[in-house]
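# next input, structure requested:
(one chain, ligands or ions: 1)
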Amino acid sequence: MSRIAYVNGRYVPQRDAAVNVEDRGYQFGDGVYEVIHVHDGRFVDTDLHLARLARSLRELAIARPMEDAALLAVLREVVRRNRIREGIVYMQVSRGVARRDHAFPRDAAPALVITARHGAAFPRDIDAWTGTAVTVPDIRWGRVDIKTVNLLPNCLAKQKAREAGAYEAILIDRDGNVTEGSSTTVWAVDAEGVLRTRHLDHHILPGCTRAAVIALMEAAGIRFEERGLTEAELRAAREIFLTSATSYVKPMVRLDGAAVGDGTPGPVARRLFELFSRHADGAAHNVSRLASFSGIG
Ligand SMILES: Cc1ncc(COP(=O)(O)O)c(C=O)c1O
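Residues are numbered from 1 along each chain as shown. Take a look at the predicted model:
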């Protein structure tokens with residue numbers, strides 16, 4: 001079965017799907033995107049992803065291509081046409097097509113592309129869901145809280161990880177602080193046993209999985225601090241794990257070749273993996289409504 005994409009109002013075979021060469025997403029990276037996990041035929045954390053998409057568009061003054069209800073209907077239709085039970089749906093909105101000029105065009109309509117693909121079901125066993133990480137310098141721009149398609153530094157970082165045989169590249173800023181992974185939020189249980197993740201500002205993406213996990217922890221009375229780690233604190237951590245729509249809750253058992261803790265998933269990652277699994281399965285489906293992106297600025 002050939003894959004079906006949605007491109008500006010039409011469902012087309014993906015091999016024929018194309019955008020204009022003067023689309024500003026292609027010319028300037030002038031666009032934003034979202035990735036939502038599809039689990040058991042349902043979207044996970046839809047409200048959070050749609051809220052973040054709206055925020056990204058607002059921050060860049062790109063018009064919304066359609067209201068959320070209509071967008072959700074198109075997302076569902078793409079998933080249905082591609083017969084996805086487990087996988088992801090990808091949506092991208094660019095400022096649209098205009099004669100090439102850096103300044104915003106006056107009359108371009110936003111362009112919307114949606115694709116979907118099959119993927120593995122969420123992991124059931126955390127011990128088979130571990131990975132390793134390397135550290136690399138964070139060379140990104142100053143507004144990575146906006147989920148733009150400008151991902152070249154993230155691609156360079158992920159490539160470094162791949163070349164080192166690692167799953168993720170953890171980014172370290174110029175001051176020696178951990179920001180996030182190249183496509184994930186970073187969490188750690190520090191040497192004192194405190195669960196920490198960096199606060200939200202313009203220098204990390206406000207992860208939807210991060211927001212959902214925080215809501216789950218608050219509901220379960222699990223303590224954590226929104227306080228970033230230095231590179232040295234990361235190296236001394238008892239546990240390191242990542243969250244993202246596609247990484248779920250993923251323990252990193254080695255950092256730059258050295259074992260993290262005893263080199264196996266720690267108790268905090270186990271607990272959150274369990275909570276998030278139940279959430280993704282729908283048992284706590286509404287909990288992410290509690291979460292918000294307040295505090296990003
Ligand atoms: C840079 C970055 N940080 C964090 C995340 C995690 O975000 P989410 O949990 O919404 O997938 C992503 C996901 O793509 C990302 O690209």
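
# would stretch 269-288 count as contacting the ligand?
No - Stretch 269-288 lies apart from the ligand when judged by C-beta under 6 Å from any ligand atom; the minimum separation is 10.6 Å. In this view, the C-beta of every residue, glycine as well, is placed from N, C-alpha and C.

# distance between that stretch and the chain's centre?
Stretch 269-288 sits 17 Å away from the centroid of its parent chain (C-alpha atoms, centre = their mean, to the nearest Å).

# name all residues that make contact with the residue in the chain sticking out farthest from the centre.
In the chain, the greatest distance from the average C-alpha position (C-alpha atoms, centre = their mean) is reached by Arg99, at 31.5 Å. By C-beta atoms under 8 Å, 6 or more residues apart in numbering, the residues touching Arg99 are Glu22, Pro105.

# can you tell me the SS state at the residue in the stretch 1-150 of the chain that the ligand sits nearest to?
Evaluated by C-beta to the nearest ligand atom, the stretch 1-150 of the chain has Val35 as its residue closest to the ligand, separated by 5.9 Å. Following DSSP: H, G, I helix; E, B strand; the rest coil, Val35 is assigned to strand.

# give me the element the residue farthest from the centre of the chain is part of.
Using DSSP states H and E, Arg99 sits in no helix or strand.

# got the residues of the protein near the ligand?
So the chain meets the ligand at 35, 154, 180, 183-185, 205, 207-210, 243-245 (C-beta under 6 Å from any ligand atom).

# change it to 5 Å
Taking C-beta under 5 Å from any ligand atom as the criterion, the chain approaches the ligand at residues Glu180, Ser183, Thr185, Leu205, Gly207, Cys208, Thr209, Ser244, Ala245.

# unless I'm mixing things up, Val268 is touching Arg196, no?
No - here Val268 lies out of contact with Arg196, judged by C-beta atoms under 8 Å, at a distance of 10.6 Å.

# coming back round to it: among the residues of the chain next to the ligand, which are located in helices?
Counting by DSSP state H, the residues of the chain next to the ligand place Cys208, Thr209 in helices.

# span of stretch 141-155 from start to end?
Stretch 141-155 has an end-to-end distance of 14 Å (C-alpha to C-alpha, to the nearest Å).

# now that stretch: buried residues?
Val144, Asp145, Ile146, Lys147, Thr148, Val149, Asn150, Leu151, Pro153, Asn154 (16 or more other C-beta atoms under 10 Å).

# and stretch 263-272, by the same measure?
Quick answer for stretch 263-272 (16+ other C-beta under 10 Å): Pro265, Gly266, Val268, Ala269, Arg270, Arg271, Leu272.

# and what of stretch 193-212?
So stretch 193-212, judged by 16+ other C-beta under 10 Å, has buried residues 195-198, 200, 203-212.

# C-alpha coordinates for that stretch, CSV please?
Written as CSV, here are the backbone C-alpha positions of stretch 193-212 (Å, rounded to 0.1, in the frame of the first residue of the first chain):
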residue,chain,number,x,y,z
GLY,A,193,19.1,11.8,44.6
VAL,A,194,17.1,14.8,43.4
LEU,A,195,15.2,14.3,40.1
ARG,A,196,15.9,17.4,37.9
THR,A,197,15.1,18.7,34.5
ARG,A,198,16.0,22.1,33.1
HIS,A,199,13.5,24.9,33.5
LEU,A,200,11.7,26.2,30.4
ASP,A,201,12.9,29.3,28.7
HIS,A,202,14.1,30.2,25.1
HIS,A,203,16.9,27.7,25.2
ILE,A,204,15.0,24.4,25.2
LEU,A,205,11.9,23.1,23.5
PRO,A,206,9.0,22.7,25.9
GLY,A,207,8.6,19.0,25.5
CYS,A,208,5.0,17.7,25.4
THR,A,209,6.2,14.4,27.0
ARG,A,210,8.0,16.5,29.6
ALA,A,211,4.7,18.3,30.4
ALA,A,212,2.8,15.0,30.5
